[in-house]
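In: sequence-free structure coming up:
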């Protein structure tokens, strides 16, 4: 009976670790849904299991044809997922506070949840692009290479996450510890290893590069410029709330959600406008013209 009633620090650590795993898993699902949105119906390319099957039928097609399809899909991934990554890194705390900071979710909980979100975001591009690269191997009738690389990714993710979890768990914000950040970093590092391994093997089969450096530089530059604009907007919105709205009560509770919504909207629109000016990816001006013609 004394064993069952023992509530020393080790038992509390075990319970806390279980809660961490649950939270990390739930956050990973949310990021995965964002990745799936970016993977579906981008630039007219379906990247689910059906399109993999269709690509596998084109195994007799010239390598240039397959390479062009993969390049187009990767370009779409970079166009949508790279700004998402930058947005999570820069505005992750604002987004989390806008969604969750109420009730029992305290302001001291935001840094820990943001740390997990940011750590997962670092691997978002790699995990999304790896799915496209795996499709290329299916088209080449090579399912062994992506499977072997996936095994390596899982082992690396578990190993690195295990090594980083305990040092990060020594740090805390309020009642929450940063242990899950180590697990998330392990996942992101493993995702990048998988991406570069798949890219290397696929490049040896298809030849030359699978992406345009100029377009990547423009996408990254546009994402950073949009983040700067969003940050400036965030500063002015917070100043406006401090001057015009009370900090307590109903209106005070609206500050975080409204700030998050305005910042996300300004960041997203700024990015799309900049990319339109750069002539890269999806064109918002063309979409508006099409919408006007239809209406």
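Out: Done, it's in. For clarity, every value in this text was computed on a predicted model and none was experimentally measured. Numbering: from 1, shown residues only.

In: low-confidence regions, the stretch 151-295 of the chain specifically.
Out: 207-211, 243, 245-252 (pLDDT under 70).

In: in it, what residue spans correspond to helices?
Out: Assigned by DSSP state H, counting those that start in this stretch, the helices in the stretch 151-295 of the chain fall at 179-206, 213-244, 249-253, 255-278, 284-294.

In: and the ones you listed: which comes nearest residue 94?
Out: With respect to residue 94, and counting by Cβ to Cβ, the nearest of the helices of the stretch 151-295 of the chain is helix 255-278 at 5.1 Å. In short, each C-beta sits where N, CA and C put it, glycine included.

In: just the strands from the stretch 51-200 of the chain, written as ranges.
Out: Under the criterion DSSP state E, counting those that start in this stretch, strands of the stretch 51-200 of the chain are mapped to 172-173, 176-177.

In: which neighbouring elements make contact with the first one?
Out: It refers to strand 172-173. helix 110-121 (3 or more Cβ pairs under 8 Å, 6 or more residues apart in numbering; DSSP states H and E).

In: follow-up on the earlier one: any idea which of the strands of the stretch 51-200 of the chain is most buried?
Out: A comparison of the strands of the stretch 51-200 of the chain by mean neighbour count, using mean count of other Cβ atoms under 10 Å, puts strand 176-177 on top with a mean of 20.

In: so what are the sheet partners of it and their directions?
Out: Applying DSSP bridges, strand 176-177 is found paired with strand 172-173 (antiparallel).

In: could I get the helices of the stretch 151-295 of the chain as CSV with mean neighbour count and distance to residue 140?
Out: Formatted as CSV, the helices of the stretch 151-295 of the chain follow (neighbours: other Cβ atoms under 10 Å; distance: least, Cβ to Cβ, whole Å):
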stretch, mean neighbour count, distance to residue 140
helix 179-206, 21, 6
helix 213-244, 16, 24
helix 249-253, 11, 55
helix 255-278, 18, 32
helix 284-294, 10, 34
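
In: can I get those helices in CSV with distance to residue 78?
Out: Shown next, in CSV, are the helices of the stretch 151-295 of the chain (distance: least, Cβ to Cβ, whole Å):
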stretch, distance to residue 78
helix 179-206, 12
helix 213-244, 6
helix 249-253, 38
helix 255-278, 11
helix 284-294, 17
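
In: out of the ones you listed, nearest to residue 126?
Out: helix 179-206 (3.9 Å).

In: what's the angle between the closest one and helix 110-121?
Out: Between helix 179-206 and helix 110-121, the angle formed by their directions is 10 degrees, by axes from the mean of the first three to the mean of the last three Cα atoms, to 10 degrees.

In: what packs against helix 179-206?
Out: Here helix 179-206 touches helix 9-39, helix 63-100, helix 110-121, helix 124-139, helix 144-169, going by 3+ Cβ pairs under 8 Å, 6+ apart.
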